[in-house]
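A.B. asks: heads up, no residue letters with this:
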């Protein structure tokens, strides 16, 4: 929580160089934050680490920044993807924001049989991801992939990447635990057994996966069904908990 | 995700008895859900487990239910409390909803030096907790305690309850990891070492704890500072991740 503005930019970052910001970013620095010449700004672009900069000058629609020095070198997040079925608007926004905070490398909206929402505004979600990355001290912004059907995503899957499938809400009312069928092992145990290779987490829509989807998922060798405790979690809660457990056990929290 | 309405009620629940609902709950069943006589409803009261019931009759402001049979016996959640500094409205609502989903036993708003919000509408938060419990298949509703200052909460603390303190945002810009001071061990390791006794998780406000608060917290024998990974998490994300890790390691997820 630093009071110094932190912005994600496209330009290459190099000590001693200058960059010009336009549009929303210039407006933010000069009008919203009301910075004057000399004010500190932090910049990152996903390639060159993080730089201290200062506002050199501003005009009506531009802000010129002088780069001072690199303060952090570029880092790559753990190789973890989030696949999620789009939810209603604010809950989808929430999932993207939290996935960025929790350090996922890519975000893929997947359309499933019971999706509440049929289209995904990836440009809008990408802006949310940028804002979250700016706030969370990340040095990169995970890309939001174009929405694709679950079927096509599974058909094109690289089998070396484990797909953790949160088998949370049974399609026939069964409990994720205690039911005779469909019982998934606790996620912590499954991740500990699989270790830290490339991974993805798949979160279904509020209505769960259809019987055909669950059958296919459970038949695939790269899919690991996991349980997230004895209570029913909302989809966005399941996303946060699953990302937390993976990062804590196989990711960069240790 | 069951389509059968599930309601938290005050009345004792016993097979063969009838209960009458009024006000919002009667309105919900008869007007919102438009249930007719014979429609199934599930009920719990935090004491008697869960019961199947059916709508027997309804009038303008009442709904009469006949209790059929107990379907689940009462269970007690793990002995985990959440203490959190109130955030702006929707984020506080979110923390309460998620804490209920994640099975906390009690929720205590604590007022800290840098709280953004000085008052807590506990009645409102209690209603959010009830709705979350209804949706998440819980058999109880965690109480929302009256807001109290962090100082008074700490002074009255039973030292047998471990207080996990998410030392996320340093007060002087230091990183929770990598800094020379204030470095906390990863929460998973700390919880695994402490085991499954009574516990509480303390989440500070967006601005973090003040230097005086951190100093006092770190001096107390029942307080365990914990880290939640290398990125800066928002307060509500920290709450969800910390609850997840505790439940997964020391709670009822195994």
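C.D. replies: Thanks, I have it. Remember, predicted model here, so these are calculated numbers, not experimental data.
A.B. asks: From here on, just use CA atoms for contacts and neighbour counts.
C.D. replies: OK.
A.B. asks: The stretch 1-150 of chain A: helices as residue ranges?
C.D. replies: A:23-27, A:89-101, A:122-135, A:150-155 (DSSP state H, counting those that start in this stretch).
A.B. asks: mind pulling up the phi and psi values for the residue in the stretch 1-150 of chain A that chain B sits nearest to?
C.D. replies: Chain B sits closest to residue A:136 of the stretch 1-150 of chain A, with a gap of 4.7 Å, by CA to the nearest CA. For residue A:136, the backbone dihedrals (degrees, to the nearest 10) come out as phi -100, psi 10.
A.B. asks: which ones are touching it?
C.D. replies: With contact taken as CA atoms under 8 Å, 6 or more residues apart in numbering or on different chains, residue A:136 is in contact with A:100, A:101, B:231, B:232, B:233, B:234.
A.B. asks: Neighbour count and distance to residue B:95 added to those residues, as JSON lines?
C.D. replies: Formatted as JSON lines, the contacts of residue A:136 follow (neighbours: other CA atoms under 10 Å in any protein chain shown; distance: CA to CA, whole Å):
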{"residue": "A:100", "neighbour count": "30", "distance to residue B:95": "18"}
{"residue": "A:101", "neighbour count": "25", "distance to residue B:95": "16"}
{"residue": "B:231", "neighbour count": "23", "distance to residue B:95": "19"}
{"residue": "B:232", "neighbour count": "21", "distance to residue B:95": "17"}
{"residue": "B:233", "neighbour count": "24", "distance to residue B:95": "14"}
{"residue": "B:234", "neighbour count": "22", "distance to residue B:95": "11"}
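A.B. asks: Please identify which of these is nearest to residue A:159.
C.D. replies: residue A:100 (24.5 Å; CA to CA).
A.B. asks: Hmm, residue A:140 and that closest one touching each other?
C.D. replies: No: using CA atoms under 8 Å, residue A:100 is not in contact with residue A:140; the gap is 9.5 Å.
A.B. asks: what's the closest non-adjacent residue to the residue of the stretch 1-150 of chain A closest to chain B?
C.D. replies: Take residue A:136 and drop its neighbours on the chain: the residue closest to it by CA to CA, 6 or more residues apart in numbering or on different chains is residue B:232, 4.7 Å away.
A.B. asks: Could you check the pLDDT of the one you found?
C.D. replies: Residue B:232 is assigned a pLDDT of 86 by the prediction.
A.B. asks: do you know how far it is from residue A:98?
C.D. replies: The spacing between residue B:232 and residue A:98, counted by CA to CA, to the nearest Å, is 11 Å.
A.B. asks: Can you show me the strands along chain A?
C.D. replies: A:6-8, A:18-22, A:40-44, A:50-58, A:62-72, A:80-84, A:106-111, A:148-149, A:162-166, A:185-186, A:199-203, A:223-227 (DSSP state E).
A.B. asks: and those as TSV, adding mean neighbour count and distance to residue B:146?
C.D. replies: TSV is the format used below for these (neighbours: other CA atoms under 10 Å in any protein chain shown; distance: least, CA to CA, whole Å):
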stretch	mean neighbour count	distance to residue B:146
strand A:6-8	20	37
strand A:18-22	17	48
strand A:40-44	23	41
strand A:50-58	21	43
strand A:62-72	19	43
strand A:80-84	25	37
strand A:106-111	24	40
strand A:148-149	15	47
strand A:162-166	24	36
strand A:185-186	19	35
strand A:199-203	24	35
strand A:223-227	23	34
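A.B. asks: Pipe those strands into a markdown table and attach distance to chain B and mean pLDDT per row.
C.D. replies: Output for those, formatted as a markdown table (distance: least, CA to the nearest CA, whole Å; pLDDT from 0 to 100):
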| stretch | distance to chain B | mean pLDDT |
| --- | --- | --- |
| strand A:6-8 | 13 | 96 |
| strand A:18-22 | 26 | 94 |
| strand A:40-44 | 14 | 96 |
| strand A:50-58 | 14 | 95 |
| strand A:62-72 | 12 | 95 |
| strand A:80-84 | 15 | 97 |
| strand A:106-111 | 16 | 96 |
| strand A:148-149 | 23 | 94 |
| strand A:162-166 | 14 | 94 |
| strand A:185-186 | 6 | 92 |
| strand A:199-203 | 15 | 97 |
| strand A:223-227 | 8 | 94 |
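A.B. asks: about what we covered before: closest to residue A:118 out of the contacts of residue A:136?
C.D. replies: Closest approach to residue A:118 among the contacts of residue A:136 (CA to CA): residue A:100, at 22.8 Å.
A.B. asks: Closest one of the contacts of residue A:136 to residue B:147?
C.D. replies: Comparing these against residue B:147 with CA to CA places residue B:234 closest, at 21.0 Å.
A.B. asks: so what are the domain limits for chain A?
C.D. replies: A:6-72, A:80-249 (automatic domain parsing).
A.B. asks: Packed most tightly, which of those would that be?
C.D. replies: Most buried of the domains of chain A by mean neighbour count (mean count of other CA atoms under 10 Å in any protein chain shown) is domain A:80-249; its value is a mean of 20.
A.B. asks: measure that one end to end?
C.D. replies: End-to-end for domain A:80-249, by CA to CA: 12 Å.
A.B. asks: what's the offset of that domain from the middle of its chain?
C.D. replies: Between the centre of domain A:80-249 and the centre of its chain there are 10 Å (CA atoms, centre = their mean, to the nearest Å).
A.B. asks: got it, and stretch A:60-73?
C.D. replies: Using CA atoms, centre = their mean, the offset of stretch A:60-73 from its chain centre is 26 Å.
A.B. asks: so what's the residue lying closest to residue A:75 once chain neighbours are set aside scoring on pLDDT?
C.D. replies: Leaving out its chain neighbours, the residue that sits closest to residue A:75 by CA to CA, 6+ apart is residue A:139, at 6.7 Å. If you check residue A:139, the pLDDT there is 95.
A.B. asks: which sections of chain A are below the confidence cut-off?
C.D. replies: Scanning chain A for pLDDT under 70 picks out the ranges A:1-2, A:168-182.
A.B. asks: Around chain B, pick out the residues from it.
C.D. replies: A:1-2, A:98, A:101-103, A:135-138, A:169, A:173, A:186, A:188, A:206-207, A:228-234, A:237, A:240-241, A:244-245, A:248, A:252-254 (CA under 8 Å from any CA of the partner chain).
A.B. asks: quick revisit: overlap of the contact sets of residue A:100 and residue A:140?
C.D. replies: Counting by CA under 8 Å, 6+ apart, the common neighbours of residue A:100 and residue A:140 are residue A:133.
A.B. asks: any idea how far residue A:75 is from the residue nearest to residue A:130 when sequence neighbours are not counted?
C.D. replies: Closest residue to residue A:130 apart from its sequence neighbours, by CA to CA, 6+ apart: residue A:141 at 5.9 Å. Separation of residue A:141 from residue A:75 (CA to CA): 12 Å.
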